[in-house]
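Participant: Here is the input, now give the coordinates:
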Amino acid sequence: MKLATLNDGTRDGKLVAVSKDLTRCCAAGYIAPTMQAALDNWERIAPELEVLARDVEHETVPCERFHERQAHSPLPRAYQWTDGSAYINHVELVRQARGAKVPESFYSDPLMYQGGSDTFLPPRADIPLGDTAWGCDMEGEIAVITDDVPMGVNAADAGAHIKLIMLVNDVSLRGLIPGELAKGFGFFQSKPSSAFSPVAVTPDELGDAWRDALVHLPLMVDYNGEPFGRAQAGVDATFSMAQLVAHAAKTRALGAGTIIGSGTVSNKGADGGPGKPVADGGAGYSCIAEIRMIETIRDGEAKTRFMAPGDTVKIEMRDGDNHSIFGAIEQAVVGV
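Facilitator: Coordinates of the predicted model:
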């Protein structure tokens, strides 16, 4: 099933079930008023939401038009948002560009940081930028939402705790990252509010495209109206989403509504080296930093600038019939 949260003026919005073609929706308030309420009691509530979703699909309940611009992020705020590093190719490029080697442990022990989760951006909201020197970048990723996950769960069992899947633009301020990491305490100011896709879907909604706890479809990233990234999310993943869930739960239980991101979706080139731009027949990139790293490795300096007011990004994923699965994240950078 497909679920969304409409922006009704409240902090947590209104939960709705959405048709598969993303054209219709029906309020689910009599089942669960919000997405978090549904996740808190998922085992009991999910079957009722499934019935509503089928009724929406067959138009046997009163429906309203679903407008993606009226949707908030599926969870407008969350108890926990963590982001991992499923695609080590991205990390390899960053390290190579500065002449550093990737520690061997990175291939068996995922990187993960805990981001701010109190104020997610709606998927069509502007990205506020205080200073272009901050180096604003988009990061196209896959994200999952869990139910209650027990401490110490293994990867084989962690996949069953993934209840919803969505896309995310994990906005990063690259110019602030080095200074923060140098302090030894990790990201904070360099990771402003992220935005998630208008719709979250249950794993079964993806059919064969969801296997081994990975989405086997291209992540479509357009930058200023041009194809920028078409990386295959099921390729070159060092870790599955289930492994990231297990990693997050190593020393503590995860509460229902925990969001875990994949990290920037990144593919190697056909020759095993750095990927090529979409315009040159490659899979392109899901963030600007990656092409800048390739430019640095190849030319000795980065030439592609980071985002500035007026720039736009669109992140979407389509099925084999070219139908949008999650709706689109469409954002513009604005100066503040």
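Participant: Spell out the residue ranges of the helices in the stretch 51-200 of the chain.
Facilitator: In the stretch 51-200 of the chain, the helices defined using DSSP state H, counting those that start in this stretch lie at 88-97, 155-158, 177-182.
Participant: right, I mislabeled it, should have said the stretch 201-336 of the chain
Facilitator: Using DSSP H, counting those that start in this stretch, helices in the stretch 201-336 of the chain cover 241-248, 288-299.
Participant: Output stretch 111-118 as PDB, nothing but the C-alphas.
Facilitator: Once non-C-alpha atoms are left out, stretch 111-118 reads as follows in PDB (Å, rounded to 0.1, in the frame of the first residue of the first chain):
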ATOM      1  CA  LEU A 111      29.200   4.500   8.800                       C
ATOM      2  CA  MET A 112      26.200   6.100  10.400                       C
ATOM      3  CA  TYR A 113      25.200   9.400  11.800                       C
ATOM      4  CA  GLN A 114      22.200  10.600  13.700                       C
ATOM      5  CA  GLY A 115      20.500  13.600  12.000                       C
ATOM      6  CA  GLY A 116      18.000  16.200  13.200                       C
ATOM      7  CA  SER A 117      14.500  14.900  12.900                       C
ATOM      8  CA  ASP A 118      12.300  17.600  14.500                       C
END
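Participant: which residues sit against it?
Facilitator: 77-85, 91, 170, 186-188, 191-194, 244, 247-248, 259, 263 (CB atoms under 8 Å, 6 or more residues apart in numbering). Quick note: C-beta positions are derived from backbone N, CA and C, even for glycine.
Participant: Filter those residues down to the buried ones, ChimeraX style.
Facilitator: This is the ChimeraX syntax for the buried subset of those, where burial follows 16 or more other CB atoms under 10 Å:
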select :77,78,80,81,82,83,84,85,91,170,187,191,192,193,194,244,247,248,259,263
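Participant: Which members of the contacts of stretch 111-118 occur in strands, if any?
Facilitator: Among the contacts of stretch 111-118, DSSP state E puts 81-83, 259 in strands.
Participant: farthest-separated two in those?
Facilitator: Asp83 and Ile259 (8.7 Å; CB to CB).
Participant: Ok, which of the helices of the stretch 201-336 of the chain comes nearest Val199?
Facilitator: The nearest among the helices of the stretch 201-336 of the chain, by CB to CB, is helix 241-248 at 17.7 Å.
Participant: How far away from the center of its chain is the closest one?
Facilitator: Offset of helix 241-248 from its chain centre (CA atoms, centre = their mean, to the nearest Å): 15 Å.
Participant: could you say what helices and strands that helix packs with?
Facilitator: strand 140-146, helix 155-158, strand 162-169, strand 259-261 (3 or more CB pairs under 8 Å, 6 or more residues apart in numbering; DSSP states H and E).
Participant: Specify the local secondary structure of the spatially closest residue to Gly257 that is not a sequence neighbour.
Facilitator: Of all residues not flanking Gly257 in the chain, Leu39 sits nearest, at 4.6 Å (CB to CB, 6 or more residues apart in numbering). Classification of Leu39 using DSSP: H, G, I helix; E, B strand; the rest coil returns helix.
Participant: List the contacts of Leu39.
Facilitator: So Leu39 contacts 145, 147, 163-164, 256-257 (CB under 8 Å, 6+ apart).
Participant: picking that back up, could I get the helices and strands packed on helix 241-248 as CSV with mean pLDDT and distance to Arg230?
Facilitator: Listed next are the helices and strands packed on helix 241-248 as CSV, based on pLDDT from 0 to 100; distance: least, CB to CB, whole Å:
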stretch, mean pLDDT, distance to Arg230
strand 140-146, 98, 10
helix 155-158, 97, 28
strand 162-169, 98, 14
strand 259-261, 98, 19
